[in-house]
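Q: What follows is a predicted structure for the sequence shown.
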Amino acid sequence: MKNNLRVVRSRSNGGQFKRELPGPKDAPGVNIAAHIFAFRELAAATKNFRPECFLGEGGFGRVYKGSLESTGQGTLFS
């Protein structure tokens, strides 16, 4: 089976890195793109990691809720 894991750099999105993740085993050929955020983006989205944005501890560290200025979507960050 071919490994679908790769890192892509795109000029159309300002040079942000996106990682293509393999899809579920029952859906071959389906990939999910995960955005890698800069620290400044995380700090802005979580209001500089304010305590009221802190949700708790997860398996990968602290989890914060935030809102992205570019989309206005609520997001969870770990």
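A: On my side now, so go ahead.
Q: For the rest of this, base every contact and every neighbour count on C-alpha atoms.
A: Fine.
Q: buried sites along the helix or strand encompassing residue 42?
A: Assessed by DSSP states H and E, residue 42 sits inside helix 39-45. Buried residues in helix 39-45, counting neighbours by 16 or more other CA atoms under 10 Å, are found at 42, 45.
Q: Counting by contacts, list what that helix packs against.
A: Packing partners of helix 39-45 (3 or more CA pairs under 8 Å, 6 or more residues apart in numbering; DSSP states H and E): strand 61-67.
Q: Using CSV, write out every CA atom in the helix holding residue 42.
A: In CSV, the C-alpha atoms belonging to helix 39-45 read as follows (Å, rounded to 0.1, in the frame of the first residue of the first chain):
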residue,chain,number,x,y,z
PHE,A,39,2.4,30.6,17.4
ARG,A,40,1.2,34.2,16.7
GLU,A,41,-2.1,32.8,15.2
LEU,A,42,-2.6,30.6,18.3
ALA,A,43,-2.0,33.5,20.6
ALA,A,44,-4.4,35.8,18.8
ALA,A,45,-7.1,33.1,18.6
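Q: residues making contact with that helix?
A: 48-49, 66-69, 77 (CA atoms under 8 Å, 6 or more residues apart in numbering).
Q: between these, which has the most around it?
A: residue 66 (23 neighbours; other CA atoms under 10 Å).
Q: Pipe the contacts of helix 39-45 into TSV and attach distance to residue 55 per row.
A: Listed next are those as TSV, based on distance: CA to CA, whole Å:
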residue	distance to residue 55
48	14
49	11
66	10
67	14
68	17
69	20
77	10
